[in-house]
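> Sequence plus predicted model, see below.
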Amino acid sequence: MNDTQIHGGDVGLISRMYNIPADEIINFGGNVNPLGLPEEVKTAIRDNINAACSYPDVTYLELKKAIARYTGADPDSLIAGNGSTELISLFIKALKPRESIIVSPAYSEYKREAELAGGSVVLFPLKEEEGFVLSLERLKALVTDKTDLVVLCSPNNPTGSCVDTDTLRELLDCLKEHNAYLMTDETYIEFADDVKAVSAMPLTNEYTNLFVVRGTSKFFACPGLRLGYGACADAALRERVLEIKDPWSVNSYAELAGRVMFLAEDFIKRTRTLILSERSRIAAELNKIKGIKLYDTQANFFLFRLMRDDITANDIFEGLIKKRILVRDCSSFPFLDGHYIRFCIRMPEENDLLLNELNKILQ
Ligand SMILES: Cc1ncc(COP(=O)(O)O)c(C=O)c1O
């Protein structure tokens, strides 16, 4: 099958194409926390089912206070949105960048939005031989006075590579000189070993040319709720974003969930313990398999490259889906060819199943 257009979460589509009931597919493509929703969120929604009968607070004041407590950002700098996707879209629409540089391979929405806004896009390649780690010097050399925006995802989907806060500061200083903005997508940041050392969130109090986007879909396992947020110290830009944003785009249940999920300390701790321990265990197991190259990851997923000519990512995809295991063939990402697979960390027994099947295919 040619799965180039299939997103990680498209279980319904795969289920129809392969005639497999959706609930029998183990989805290693969605990058969603396998622990499921925090109990606090379930209880809040269950106990407030009638929240759907009223509009949420259009200013999202209490929600923004909860996000501010969790992130350390100034509540006035925050905008709540319908998933990080709405924030990415609104920010680019408001900024209208004539020229954007997108650190790639990356999530496809940045390019789509920058082009929809009428601008041109330069894809800055993360290099395989550099382990897909950002070379700041190479990126800085590409920035000119024509650059309006640099987009960076950290940890990056699909490579898992991360940029530390000091490097972000250096990049922001460079962009300031060129009157350019940085948008960082921190959808996977809570899975990093040391969140403080890599997040751009504290820099939103210092730099006005920075927009940080975060979601809750992955870490808090709620892609169907659609809750994300953005932080930006540039009041004029925030105003423009709010002018074009539809009111109530965060629904009552998502608003309610957002007010309790960040307080779910036990859930947060259990998630990090599970992901960080499985991440090192899986890395050790994968490194034993001959013919694949694994890249360092700070996310809840792995990217690996098939180093053999006789087997492609599509072969792996097809081999695994027969076992009801769904992984992501990365051939649709820029700068990746048909030899890259991405899969996310799930529960230990599911991870074992995947490792086992992979081993069999690659033997
Ligand atoms: C890097 C990245 N950003 C944003 C999103 C979209 O997330 P949300 O559900 O918060 O809109 C995804 C989804 O896969 C993603 O991988």
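Arrived safely. Numbering: from 1, shown residues only.
> wait, what's in contact with the residue of the stretch 1-150 of the chain found nearest the ligand?
Relative to the ligand, the nearest point of the stretch 1-150 of the chain is residue 83 (2.7 Å; C-beta to the nearest ligand atom). Glycine gets a C-beta too; all of them are placed from N, C-alpha and C. Counting by C-beta atoms under 8 Å, 6 or more residues apart in numbering, residue 83 touches 215, 217, 223, 226-228.
> near the ligand, which residues of this protein show up?
31, 83-85, 107, 153, 157, 185, 187, 215, 217, 223, 228 (C-beta under 6 Å from any ligand atom).
> do that again at 5 Å, thanks
Contact residues (C-beta under 5 Å from any ligand atom) of the chain with the ligand: 83-85, 107, 153, 157, 185, 187, 215, 217, 223, 228.
> Okay, and which of those residues map to helices?
Among the residues of the chain next to the ligand, the members found in helices (DSSP state H) are 83-85.
> from those, which single one is nearest residue 36?
Using C-beta to C-beta, residue 83 comes nearest to residue 36 of these, at 18.0 Å.
> Span of stretch 211-226 from start to end?
19 Å (C-alpha to C-alpha, to the nearest Å).
> right, I mislabeled it, should have said stretch 145-157
End-to-end distance for stretch 145-157, by C-alpha to C-alpha: 28 Å.
> and it, which residues are buried?
Residues of stretch 145-157 classed as buried: 147-157 (neighbour count, 16 or more other C-beta atoms under 10 Å).
> outside of the helix or strand harbouring residue 100, which residues touch it?
Taking DSSP states H and E as the criterion, residue 100 maps to strand 99-104. Strand 99-104 is contacted by residues 92, 110-111, 114, 119-126, 134, 139, 142-143, 146-153, 156, 333-335 when judged by C-beta under 8 Å, 6+ apart.
> The same query, at a cut-off of 7 Å, please.
Here strand 99-104 makes contact (C-beta atoms under 7 Å, 6 or more residues apart in numbering) with 110-111, 114, 119-126, 134, 139, 142-143, 146-152, 334-335.
> same check, this time on stretch 64-78
80, 201-202, 204-205, 229, 231-233, 258-259, 262.
> Stretch 221-228 too?
Contacts of stretch 221-228 (C-beta under 7 Å, 6+ apart): 9, 32-33, 35-37, 41, 81-84, 86-87, 213-217, 250, 253-254, 257-258.
> ok, whichever strand or helix holds residue 341: who's next to it in the sheet?
Residue 341 is located in strand 340-344, with elements delineated by DSSP H and E. Strand pairing for strand 340-344, determined by DSSP bridges: strand 301-306 (antiparallel), strand 328-329 (antiparallel).
> Which SSE is immediately downstream of it?
helix 348-362.
> other SSEs contacting that following helix?
Taking 3 or more C-beta pairs under 7 Å, 6 or more residues apart in numbering; DSSP states H and E as contact, the helices and strands that helix 348-362 lies on are helix 265-288, helix 313-321, strand 325-326.
> Point out the most buried one among those.
Of all the helices and strands packed on helix 348-362, strand 325-326 has the most neighbours on average by mean count of other C-beta atoms under 10 Å, namely a mean of 24.
> mind listing what that strand pairs with, with the direction of each?
With DSSP bridges as the test, strand 325-326 is paired with strand 26-27 (parallel).
> tell me the mean pLDDT over the strand it pairs with?
Strand 26-27 shows a mean pLDDT of 96.
> which element follows that strand toward the C-terminus?
Downstream of strand 26-27, the next assigned helix or strand under DSSP H and E is helix 39-47.
> Packing partners of that following helix?
helix 252-261.
> The helix it packs on: how far from the chain's middle?
With C-alpha atoms, centre = their mean, to the nearest Å as the basis, helix 252-261 stands 20 Å off its chain's centre.
> now stretch 318-327
So, by C-alpha atoms, centre = their mean, the centroid of stretch 318-327 is 23 Å from its chain's centroid.
> quick one on the thing from earlier: for ChimeraX, what selects the buried ones among the contacts of residue 83?
Applying 16+ other C-beta under 10 Å to the contacts of residue 83, the buried members can be selected in ChimeraX as follows:
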select :215,217,223,226,227,228
